[in-house]
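*Asks:* Build me a structure from this.
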Amino acid sequence: MGTRTPVGVEPAVRTETPLIPPRPTRVAAAETPRTAMASPVVVGATIIAALYFGREIFIPIAIALLLSFVLTPLVNRLRRLRLPRLVAVGVSVLLTVGIVAALATLIGIQAADLAGDVPRYRTTIERKVEGLRDSPVGHATAYVANIGRALHGGAKEAGSAEAPRAAPPPPSSEQAQPGPKPVLVEVAASQPGPLEMISTVLSPVMHPLATVGIVFVVLLFVLMQREDLRDRMIRLAGSSDLHRTTVAIDDAAKRLSRYFVVQLALNAAFGVVIGIGLYVIGVPNPVLWAIFSALMRFVPYLGAVLSALLPMALAAAVDPGWNMMIAVAILFVVLEPLTGQVIEPIFYGQSTGLSPFAVLVSALFWTWLWGPVGLLLSTPLTACLVVLGRHVDHLEFLDVLFGDRPALTPVQNFYQRILAGDSEEVLGHAELILQQCSLSSYYDEVVLKALELAARDAARGVLTAQQKSSMRAALAELIADLSDRSDAVTGAAGDGEEGACSPLPMGPAPEALPAAWTRQGAVLCIAGRGFLDEAAAAILAQILEKRGIGVRTVPFADAASARIDRFEAGPARMGCVISLALDGEPTHLRRLIRRLKGRMPSVPILLGLWLAQDAGAARLAGGPGRTAEADGQAGSLREAVEAVLAAAQEHVDGEAAHGTGPDRAPDHRDGTPRQPASAEA
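*Replies:* Numbering: from 1, shown residues only. Presented below is the predicted three-dimensional model:
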């Protein structure tokens, strides 16, 4: 609570994929599964042991590295003023040393002042305790204590009744005689010499001073050798792609620097406001509590509670009443949520960059490893590890374990939900994504890619008949639930953006379409025989319908060989055969298209072979833009929508060229569109 980690830290080199790409699994081919598992475990255990036993060395280095992120912007600014690097680094480090020394002096003075006033607060505390004894709370506590004593006394009596105590033996004659009187010996302590006095005074602070000295020495060298350390990091991260690695490392360093500077500034401002508020309330030593509150905001969850408890306890000891303590509690209750939930999101976003569980686990881990210093550094250190995991391939597991990004991609999440057949979870997943994505883009980038995973599993024979049935039912319910949703981007991410969240092509305005293309059944969405083809055809029909095109979904059974004679094309202007086939040459599609051509010869047929392999598509291709018996082929939902809208636009342009409007000559009685006179002749 009260801490934030970097937001939106993404790799500098982005792909055009709208959604988060799946994380590839990198396991060497020559390694066995046991070796692949044992090696990271051994390496991890070695690193943890080194961090634990070498904490006296690693703690100053970690503090110096975090301070280097904070001081790097200042060094760069001084460098832009034409100062040499040595001077810029020296000024930055000396300024930091001065600030730390001033804060340590203030803390020492305030703590000594507070320790001197402790006896003065004892009387107030004793009076409040006496007052609590006379209050209802005190009576209830005394009542509970009396019950405990009664139970304890009853147990004692029962024990004495069962086992009576034996009479003590009579004292012997030797014991009855009094012994010699003890001689009092007084040991006079010698006065300590000057060296002993200095050793006594400095011994408690020698270790902290040594740690601070190591921190600033390491900080000086880190700032001086920043470019050399960056080059070595690039070499370790991967030198095969120097451009990508350099951009990623520089981007990560800039983001971390900006984040730590903002966090330090906000926590310092929080401490200043707390100090002013405690001064106004009248709490003694407000400067001490201001510094303490600013430092505690770096500690996740517990920091805000600890920073409020001590000033509240002091207020209760100072004020004979309870008004001062209540005022301190109100001050923290108002400022902490305001800072954490309103001010911090304005400066570095809503997300923490770390999952809440990861923040808790990291706090426990670093506290166990390095003690209180580890608790103070837990969130910044884990944030650095997550940033490295997002930019370095070998450390990607850190982002998976501790980052706040989903472990599975939206496509994998959707497939897992339809595989379980849970319609409510499928719809909830859709509602979450559709807050920042258009409906057609959601279908194209999530649903159909998840159906590809299902088709591949079905081709491998790992899906049971019950799973296929539950998947069809879940998809049908999802498509029906989304039928009333607009194909516009409703989330903030879609404002003015193109690509990931933008809808598919809109085509001509619905009012500009001819009546032949707006009546129901103008475009036939005919499903293949795959168990997911009917859902894919329904998706295409829904998207076309939202663009004003009249559609009709035709199951594969209605166009099968046994029922093709009873198939009625109606006012069809175009037919779209949709299949998610993965096999090389789906011959059933050839036969299906041939049957449809025989039934409606004047209607163009578009084959939507959305998930076909390149080799299979090449074998099906009968020429440029033609596929086997079909008049054209679409390799995705987007291409299918574009082809239908292009045909409708061509009709609009043709009517405009011939001077005819949307109200053209009626179709034939059998429902087939009327052809131009030259074509009919």
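*Asks:* Now do the domain split for the chain, please.
*Replies:* Per automatic domain parsing, the structural domains of the chain span 37-132+206-224, 410-494, 510-680.
*Asks:* Ok, which of those comes nearest L377?
*Replies:* When these are compared by C-beta to C-beta, domain 37-132+206-224 sits nearest L377, at 6.0 Å. Using the backbone N, CA and C atoms, a C-beta is placed for each residue, glycine as well.
*Asks:* Let's test this: mean pLDDT of that closest one, rounded?
*Replies:* In this model, domain 37-132+206-224 has an average pLDDT of 84.
*Asks:* Can you give the distance from that domain to the centre of its chain?
*Replies:* 29 Å (C-alpha atoms, centre = their mean, to the nearest Å).
*Asks:* again with stretch 395-407
*Replies:* Centroid separation between stretch 395-407 and its chain, computed with C-alpha atoms, centre = their mean, is 8 Å.
*Asks:* do the same with stretch 417-428
*Replies:* 22 Å.
*Asks:* before we move on, what about stretch 453-465?
*Replies:* 31 Å.
*Asks:* same check, this time on stretch 418-435
*Replies:* That offset, for stretch 418-435, works out to 19 Å (C-alpha atoms, centre = their mean).
*Asks:* Going by neighbour count, which residues in that stretch are buried?
*Replies:* I418, L419, G421, S423, E425, V426, L427, H429, A430, I433, L434 (16 or more other C-beta atoms under 10 Å).
*Asks:* for these, which one is nearest A465?
*Replies:* G421 (12.6 Å).
*Asks:* Nearest to R226 among the buried residues of stretch 418-435?
*Replies:* Of those, the one sitting nearest to R226 (C-beta to C-beta) turns out to be I433, at 41.1 Å.
*Asks:* For that closest one, list the residues it contacts.
*Replies:* P410, Y442, V446 (C-beta atoms under 8 Å, 6 or more residues apart in numbering).
*Asks:* ok so, going back, the domains of the chain: which one's closest to S307?
*Replies:* domain 37-132+206-224 (14.3 Å).
*Asks:* Which parts of the helix or strand hosting A304 count as buried, going by neighbours?
*Replies:* Assigned by DSSP states H and E, A304 belongs to helix 302-318. Buried residues in helix 302-318, defined by neighbour count with 16+ other C-beta under 10 Å: G303, A304, S307, A308, P311, M312, L314, A315, A316, A317, V318.
*Asks:* quick one: contacts for the last one?
*Replies:* Under the criterion of C-beta under 8 Å, 6+ apart, the contact list for V318 reads Y121, T124, G282, V283, P284, M324.
*Asks:* ditto for the third one
*Replies:* Applying C-beta under 8 Å, 6+ apart, one finds that S307 lies in contact with I274, W289, F292, S293, M296, R297, F332.
*Asks:* ok, the spatially most central residue of the chain to L106 distance?
*Replies:* In the chain, the C-alpha nearest the mean C-alpha coordinate belongs to D404, at 1.9 Å (C-alpha atoms, centre = their mean). Distance from D404 to L106, counting by C-beta to C-beta, to the nearest Å: 37 Å.
*Asks:* that older thread, which one (most neighbours) among the contacts of V318?
*Replies:* Counting neighbours by other C-beta atoms under 10 Å, V283 leads the contacts of V318 with 24 neighbours.
*Asks:* quick one: that one is in a helix?
*Replies:* No - assigned with DSSP: H, G, I helix; E, B strand; the rest coil, V283 falls outside any helix and is coil.
*Asks:* Specify which member of the contacts of V318 is nearest to S602.
*Replies:* Once C-beta to C-beta is applied, the member of the contacts of V318 that ends up nearest S602 is V283, at 89.5 Å.
*Asks:* Now do the same for that closest one: its pLDDT.
*Replies:* pLDDT recorded at V283 is 88.
*Asks:* re earlier: go through the domains of the chain and name the closest to D393.
*Replies:* domain 37-132+206-224 (14.3 Å).
*Asks:* which element follows the helix holding A304 toward the C-terminus?
*Replies:* By DSSP H and E, the next helix or strand past helix 302-318 is helix 323-338.
*Asks:* tell me which residues in stretch 469-478 are buried?
*Replies:* Neighbour count says stretch 469-478 has S470, M471, R472, A474, L475, L478 buried, by 16+ other C-beta under 10 Å.
*Asks:* farthest pair in those residues?
*Replies:* The distance between the two most remote of the buried residues of stretch 469-478 (C-beta to C-beta) is 12.5 Å, for S470 and L478.
*Asks:* nearest to W366, of the domains of the chain?
*Replies:* Ranking those by proximity to W366 (C-beta to C-beta) places domain 37-132+206-224 first, at 9.3 Å.
*Asks:* Put the buried members of the contacts of I433 into a ChimeraX selection.
*Replies:* To isolate the buried members of the contacts of I433 in ChimeraX, using 16+ other C-beta under 10 Å:
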select :410,442,446
